[in-house]
Each structure stands twice: as structure tokens, then as C-alpha cells.
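> pasted the sequence and its predicted model underneath.
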Amino acid sequence: MNRTSVVREEIQHLKTLGLLGEIFQISMKMKKEGISFLPLHLGDPGQFDFPPLSSFKEGIARALEKPASFAYGNPQGFPPLIEKIAEMENVDPRYVFTGNGVSDMMDKLLNATAIQGTNILFPAPVFPPYLDLNTKNGVESRLYLCDPHTWQPILSSLESRIDDNTSMILVNSPNNPTGAVYDRENITAIIELTENINLSRKKRNIPPLCLIFDEIYKELYFENKPAEVKSLLDDRFLSWIIFNGASKSFCSTGLRIGYAILGGVERDSLREVLYNECILPLCMNSIFQEGYLAALCDPARDEYFENNRKKLQSRRDLLLHGFSRISGIEVVKPMGAFYMIVKMETEFKNDLELGKALLTEEKLCASQLSAFFDSETHPPGVFLRLVILPPEDILEQALDRFTRFMERRAL
């Protein structure tokens, strides 16, 4: 073995660096120097006018008064919170785990299931850390196509990427970065395809496929409510994991609270290995878990979700109307989450150079969409991801700056 460094070379080139890479670093340098810009790059509601429920903060305050909050907790999670989530999701509490955000839960899960020679399927585009976790674990990532006119998954593309070494398939709806809410028919078709493959695998003594549903944006939809996935999974011959948490729906990204629920034919094996992963950090933050429990039990919870949806939908519609009047910009109407994808016909041939120009010339910060694809699945054209979170006055300023930019830089 020839080695020149203690550092793993592949970890130096992670996909998340495209999301939090050069454009983000330039913006941070500008911020440090006191140069203002419009922040349309990170899905962080806490930076805008989306406060958490007051009950969330009150629950944290009560927890601070309890001596037990400062001791090690249960590795699986704060027991009353586990019980509440199990009640909401209609599952056995033994199969509910909490962690430091969904990112932490998917890290633990993929660590626990990483087997050399296997591959995991992700939608294109996909949240970059999923790809990076596979890189870290030496597991192959395969991206299945989504229709760039709707960003709905293309079933034939997904099916073509499955082989006997495929272990898991990720479904993310409402979707980051596209804002797509997958049709119930599409999700049902993915579940049925997975089950049919598993029935064939069973005859050949091959482990069953596992479906992962990332539902962190589940409460953030506009016209159409997302499909209730769990009801579609009952009695199916497959394994499944559902991710959710407090970060997006309760606008508390910095508190890092997520959960996973496990089900299907291998739920006991999944539980064992995930519990072992949760033991490694000993426990997660007990105080913030109590705050989340208080918010979940708050009778005002559903009204809070509804108000946030209305506010986001109004801001989405403002941007859609504004972009419709700017020549050279195309947008697919997002149906949920915090995001909007814009395709821009400019002199720039890649999204990094486009994003840097927008930031330096118009003080407008957006994210590269290429960070969410691999080289084979990126659709033709140059795209950026924007967030729809800022107040209307900031979005109006952004539209003015996009207009000026396109007047100079459009093809």
C-alpha cells in the first residue's frame, strides 16, 4: 500500500462542499467584512421570521430546572418523547430512535448498514450528505432520474439501476432541493416495485431491499398534502425507515433533533445495529428533546404548521410571478419544502461561476444545483437552488437584482 498522508483523499472531495463550498465561503467572508447580501442559499427558517413554538422554548426552560437533564440519557432517546412519537406514528416504541437531527440519524443508519460491495439508490437531485456518507463508508451511490419538468421520480430509471447488490432506496418528499411533493401514485409504484423485487430475491436467498423515506419537510406543503407513506407500507414484504424531526417543521434547525422509525421484515435487525450506533455517542441532548416533546403535545401545533405553510406559499407565489416576467429564467413550481430551482440562460456555462457572479455583482447568494447530482444525472442547462424563506421585501429586492443581472448577462 502506497500512502502519502494519514488523510483519506476521497474525504477531501465531498459533494457537500458544493453546497457549502466556494460560494458559501465567499458569502461568509463578505459577512465578516460587513458587506451585506441577500441570503437565498440555506434552508434555515431560524434566520428569518419563522420562530419556533413558544411551547418548545418553555419545554426547554422546564428541562433546565431538572437535575436529571444534566445526566446521561437513554441512548435510544428521551423515553417520554419516544412514546409520543410512537403514538403519533402508530408504531411500537422499541422501533423509534432520536438523534441530533435527521443528518445524524442517516449517518448512524448508513454506518450500521454499510456493507462493502452494496449500492444505495438516491433520487437525482439528492441532499449531498447522503452521497458523502456512502463515500465515507465505501458504499456505491446510484442516482435515479427525476423529470426536470416536474421533478417527480422516473420509475423506469429507478428500476434500471437496481441489481442484486442494491440494499436501499431513498425517497425524499417533500423534496430538497426541488420542492417537489411526490405523487401518491409514484410512491405506491416504488413500494410495489420494491416488494416485487423482494419476492424474487426471497426465492434466491438475497436480502430484501429497504426503503428510506426522508420526510423532514412533511408538514411543509402547499396545494396537496403528501401521501401518508406508512399506510402504504403495511403488510408489504420489505424493510423501511422513516426519518423526520423538529428542524424544519418546528423551525429549530440549530437544536438538532431528528428521529427514525423502523419497520418491515428486518426491523429487529435494523433496531439492533441502530441501537449499537446510538450507544457510541452515549446519548443525545436531553434538554432539547424535552422541548420537542412539549411542542409535539401543544394543541396549537397544527395551527402553527398551517400559518407557516400559508406564509411560505405566499412567498413562493411572489417569486413565481416575479420570475415569470424575467426573460431567460425558467422555474418549476415547487409544491413544498423551502426551495425553488431556477434555470438561467446566461453566458455562464456552470453554476459555480454563475453563483459567484450573482454574489459579487448583485450581492445575492444562491446554491449550486450541481452539488445535488452526479455527472451522469445532471440535466442540460445551468441551475441554482433558492430558498423561499425570506420576507417579501427581501424577495422583491432579489427579483430586482435578478432582473438587473439578466439584463447584463442573459444570452
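Sure, I can see it. Predicted model only: the values in this text are computed from it and were never measured.
> quick one: average pLDDT of stretch 170-177?
Predicted confidence along stretch 170-177 averages 97 (mean pLDDT).
> repeat that for stretch 356-370.
Mean predicted lDDT for stretch 356-370 stands at 95.
> how about that stretch: buried residues?
Residues of stretch 356-370 classed as buried: 357, 358, 359, 362, 364, 365, 366, 367, 368, 369, 370 (neighbour count, 16 or more other CB atoms under 10 Å). For glycine as for every other residue, the C-beta is placed from the backbone atoms N, C-alpha and C.
> farthest pair in these?
362 and 370 (20.4 Å; CB to CB).
> what pLDDT, on average, does the helix or strand containing residue 24 get?
Element membership for residue 24, per DSSP states H and E: helix 22-32. Averaged across helix 22-32, the pLDDT comes to 90.
> could you point out the helix or strand that follows it?
Next along from helix 22-32, by DSSP H and E: strand 38-39.
> and the next helix-or-strand element following that next one, which residues are buried?
Under the assignment DSSP H and E, the closest C-terminal helix or strand after strand 38-39 is helix 54-64. By neighbour count on 16+ other CB under 10 Å, the buried set for helix 54-64 is 55, 56, 59, 60, 63.
> including pLDDT and distance to residue 3, could these go into CSV?
Output for the buried residues of helix 54-64, formatted as CSV (pLDDT from 0 to 100; distance: CB to CB, whole Å):
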residue, pLDDT, distance to residue 3
55, 96, 53
56, 96, 48
59, 95, 50
60, 94, 47
63, 94, 47
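> neighbouring contacts of stretch 348-362?
Applying CB atoms under 8 Å, 6 or more residues apart in numbering, the contact partners of stretch 348-362 are 18, 22-23, 26-27, 30, 37, 344, 346, 364-370, 382-384, 401-402, 404-405, 408-409.
> buried among the residues you listed? Need that as a selection in PyMOL.
In PyMOL, a selection of the buried entries from the contacts of stretch 348-362 looks like this (16+ other CB under 10 Å):
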select buried, resi 18+23+26+27+30+37+344+346+364+365+366+367+368+369+370+382+383+384+401+402+405+409
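> in helices, which of the contacts of stretch 348-362 appear?
18, 22, 23, 26, 27, 30, 401, 402, 404, 405, 408, 409 (DSSP state H).
> let me know the secondary structure of the nearest residue to the third one once chain neighbours are set aside.
Leaving aside its sequence neighbours, residue 23 sits nearest to residue 355 (CB to CB, 6 or more residues apart in numbering; 4.5 Å). When classified by DSSP: H, G, I helix; E, B strand; the rest coil, residue 355 comes out as helix.
> count the residues that sit near residue 355.
28 (other CB atoms under 10 Å).
> likewise for residue 272?
Residue 272: 11 surrounding residues under other CB under 10 Å.
> so for it, what's the pLDDT?
94.
> shouldn't it be within a helix?
Yes - counting by three-state DSSP, residue 272 is part of a helix.
> so how far is residue 106 from it?
Per CB to CB, to the nearest Å, residue 272 is found 18 Å from residue 106.
> report the longest helix in the chain, please.
In the chain, taking DSSP H as the definition, the longest helix is helix 301-324.
> next, the buried residues of that helix.
Those would be 301, 304-305, 308-309, 311-313, 315-316, 318-319, 322-323, for helix 301-324 by 16+ other CB under 10 Å.
> where along the stretch 51-200 of the chain do the helices fall?
For the stretch 51-200 of the chain, the helices defined by DSSP state H, counting those that start in this stretch cover 54-64, 79-89, 101-113, 128-137, 155-160, 184-203.
> what distance separates the fourth one from the middle of the whole chain?
Right, the one you point to is helix 128-137. 13 Å (CA atoms, centre = their mean, to the nearest Å).
> surely residue 385 and residue 340 touch.
Yes - shown here, residue 385 and residue 340 form a contact pair, counting by CB atoms under 8 Å, at 7.5 Å.
> please enumerate the shared neighbours of these two.
By CB under 8 Å, 6+ apart, no residue touches both residue 385 and residue 340.
> for stretch 327-346, the averaged confidence score.
For stretch 327-346, the mean per-residue pLDDT is 97.
> same deal with stretch 201-220?
96.
> flag every buried residue along that stretch.
For stretch 201-220, a neighbour-count test (16+ other CB under 10 Å) marks 201, 207-220 as buried.
> so what's the gap between it and the chain middle?
Offset of stretch 201-220 from its chain centre (CA atoms, centre = their mean): 16 Å.
> end-to-end on it?
In stretch 201-220, first residue to last residue: 36 Å (CA to CA, to the nearest Å).
> returning to that earlier point: tell me which of the helices of the stretch 51-200 of the chain lies nearest to residue 258.
Nearest to residue 258, of all the helices of the stretch 51-200 of the chain, is helix 101-113, at 3.8 Å by CB to CB.
> show me what the closest one packs onto, helices and strands only.
strand 96-99, helix 128-137, strand 210-214, strand 239-245, strand 258-264, helix 267-279 (3 or more CB pairs under 8 Å, 6 or more residues apart in numbering; DSSP states H and E).
> mind exporting that helix as PDB, just the C-alpha atoms?
The C-alpha coordinates for helix 101-113 follow below in PDB (Å, rounded to 0.1, in the frame of the first residue of the first chain):
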ATOM      1  CA  GLY A 101     -31.100  15.900  13.500                       C
ATOM      2  CA  VAL A 102     -32.000  13.700  10.600                       C
ATOM      3  CA  SER A 103     -28.400  14.100   9.300                       C
ATOM      4  CA  ASP A 104     -27.200  12.400  12.400                       C
ATOM      5  CA  MET A 105     -29.800   9.600  12.100                       C
ATOM      6  CA  MET A 106     -29.000   8.900   8.500                       C
ATOM      7  CA  ASP A 107     -25.300   8.900   9.400                       C
ATOM      8  CA  LYS A 108     -25.900   6.300  12.100                       C
ATOM      9  CA  LEU A 109     -28.200   4.200   9.900                       C
ATOM     10  CA  LEU A 110     -25.800   4.200   6.900                       C
ATOM     11  CA  ASN A 111     -22.900   3.400   9.200                       C
ATOM     12  CA  ALA A 112     -24.800   0.500  10.600                       C
ATOM     13  CA  THR A 113     -25.800  -1.000   7.300                       C
END
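> which other residues reach it?
Helix 101-113 has contacts (CB under 8 Å, 6+ apart) with 97-99, 120, 129-130, 133-134, 137, 139, 167-168, 210, 212, 214, 216, 241, 243-245, 247, 253, 256-260, 270, 273-274, 276-278, 284.
> please consider this matter closed, and thank you.
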